[in-house]
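[1] okay, here's the prediction I keep looking at, along with the sequence it came from:
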Amino acid sequence: MRITLSIPDVVAHRFQAAVPARQRSRLVTRLLEQELSERDDTLAAACRAANRDKALQREIDEWQSFDDGIEE
C-alpha cells in the first residue's frame, strides 16, 4: 500500500541524506510499528487500570441495574 505523508522539508532532506533509498520504507515501517505498539501498550494499561477501579465498577453496576421500563 502506498501512503502520502507531509513531512517538513528539513526532516525530509535529513531522512533522504541519512537513509539509502531502498531502506526508507523498511525504516518507516519499523518506526510506525514501534509507535503503534507503544500506543497499544498504553491503551491496554489504561484498560487494566479501569478494570481495577472499584468506584468505577460500582458505578457501572449501578447503571446496569437501572430498569428503564422497556421490555425486550
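    Thanks, I have it. Numbering: from 1, shown residues only.
[2] CA atoms for contacts and neighbours, from now on please.
    OK.
[3] helix or strand right after the strand or helix carrying residue 29?
    According to DSSP states H and E, residue 29 maps onto helix 24-52. Where DSSP H and E defines the elements, the next helix or strand beyond helix 24-52 is helix 54-64.
[4] tell me what angle that next one forms with helix 24-52.
    80 degrees (axes from the mean of the first three to the mean of the last three Cα atoms, to 10 degrees).
[5] if we can go back for a sec, run the chain-centre distance for the helix holding residue 29.
    Between the centre of helix 24-52 and the centre of its chain there are 5 Å (Cα atoms, centre = their mean, to the nearest Å).
[6] what's the average pLDDT for it?
    The pLDDT scores in helix 24-52 average 92.
[7] use 139 as the first number for this chain going forward.
    All right, first residue 139 from here; so that's helix 162-190.
[8] just say helix, strand or coil for residue 143.
    State at residue 143, reduced to three classes by DSSP: H, G, I helix; E, B strand; the rest coil: coil.
[9] pLDDT score for it?
    93.
[10] I'd like the distance between it and residue 158.
    18 Å (Cα to Cα, to the nearest Å).
[11] in terms of neighbours, single out the busier of those two.
    Each of residue 143 and residue 158 has its neighbours counted (other Cα atoms under 10 Å); residue 158 has more, 10 against 6.
[12] now do the contacts for the more buried one.
    For residue 158, no residue meets the contact criterion (Cα atoms under 8 Å, 6 or more residues apart in numbering).
[13] that one and residue 195: what is the separation?
    Taken as Cα to Cα, the span from residue 158 to residue 195 is 53 Å.
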